[in-house]
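*Asks:* Just a sequence and a predicted model for now, questions to come.
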Amino acid sequence: MEPLQDNPLRREDLLAHPIDQFARWFEQAKTFPGMTRPEPMCLSTVGPDGFPDSRMVLLKTFGYDGFVFYTNMHSPKARSLVALPRAALCFYWEPPKRQVRIQGTVERVSEAEADAYWETRPRESQIGVWVSDQSMVVADRGLFERRAAELTAAFEGRAVPRPVYWSGFRVVPRRIEFWQERPGRLHDRFVYVRAGGEEWEIQQLYP
Ligand SMILES: Cc1cc2nc3c(=O)[nH]c(=O)nc-3n(C[C@H](O)[C@H](O)[C@H](O)COP(=O)(O)O)c2cc1C
């Protein structure tokens, strides 16, 4: 086995704003040899029964206002987020053996933002959204496929509109943690906690 390449994360390496730090790691992850894509993230929510639940979603945009993903607003995750607008996101990038954990409050993106993103999606995925009653029981896979074919024909020659039940959520961070694997389990871990507005406090944590 190849020895782990040591890639320390030092306090003095950190940018003052965690979104700038995230952007730096995200860009590095994109081009890191052996890395496929950095966008998949684990989204955790708490349901009305009090149980946490997690699933992967794709990060579509991020900025100082938060981290955005899109989904079906009738889905269990969306219902959970409407009832309790708090969430956690977790990325793991291997290589470069880095984890980022984000915790925050959640808000819906504007209709204009959802429309703008919808228009960039391939036609097939737009039709896929119309066809899928996300997380409902599939009694007949054939019916699902026939609906896809019918809708493809029905939308022929015109733009596929965005269904009202498909939109995005923005996770507005209150805490972001960066974890870098180091040899001997002496990993580097720094957490940014929002101190108010765009001021963030940084602390190092034991791994
Ligand atoms: C890599 C990956 C990316 C995914 N991206 C999304 C996404 O962006 N939006 C989405 O609604 N579901 C996405 N899914 C499917 C979800 O993980 C999940 O199965 C689905 O949204 C239903 O979740 P729910 O029943 O908790 O609402 C993705 C799955 C994988 C494996």
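*Replies:* Looks like it came in fine. Numbering: from 1, shown residues only.

*Asks:* Going by C-alpha atoms from here, please, whenever you check contacts or count neighbours.
*Replies:* Noted.

*Asks:* okay, Phe62: pLDDT?
*Replies:* If you check Phe62, the pLDDT there is 98.

*Asks:* Tell me how far the nearest residue to it once chain neighbours are set aside lies from Val109.
*Replies:* In space, and not counting its chain neighbours, Phe62 is closest to Val68: 6.0 Å by CA to CA, 6 or more residues apart in numbering. For Val68, the distance to Val109 equals 8 Å [CA to CA, to the nearest Å].

*Asks:* Doesn't Leu143 lie inside a strand?
*Replies:* No - going by DSSP: H, G, I helix; E, B strand; the rest coil, the assignment for Leu143 is helix, not a strand.

*Asks:* For the ligand, see how far away it is.
*Replies:* Taking CA to the nearest ligand atom, to the nearest Å as the measure, Leu143 falls 19 Å from the ligand.

*Asks:* That residue: neighbour count?
*Replies:* 12 (other CA atoms under 10 Å).

*Asks:* For the residue positioned nearest the centre of the chain, which residues are in contact?
*Replies:* By CA atoms, centre = their mean, the chain has its centre lying nearest to Leu59, at 3.7 Å. For Leu59, the contacting residues are Glu39, Pro40, Met41, Phe67, Val68, Phe69, by CA atoms under 8 Å, 6 or more residues apart in numbering.

*Asks:* Partner strands of whichever strand or helix holds the residue nearest to Phe62, with direction?
*Replies:* Val68 belongs to strand 66-72 when assigned by DSSP states H and E. Using DSSP bridges, strand 66-72 pairs in its sheet with strand 61-63 (antiparallel), strand 166-180 (antiparallel).
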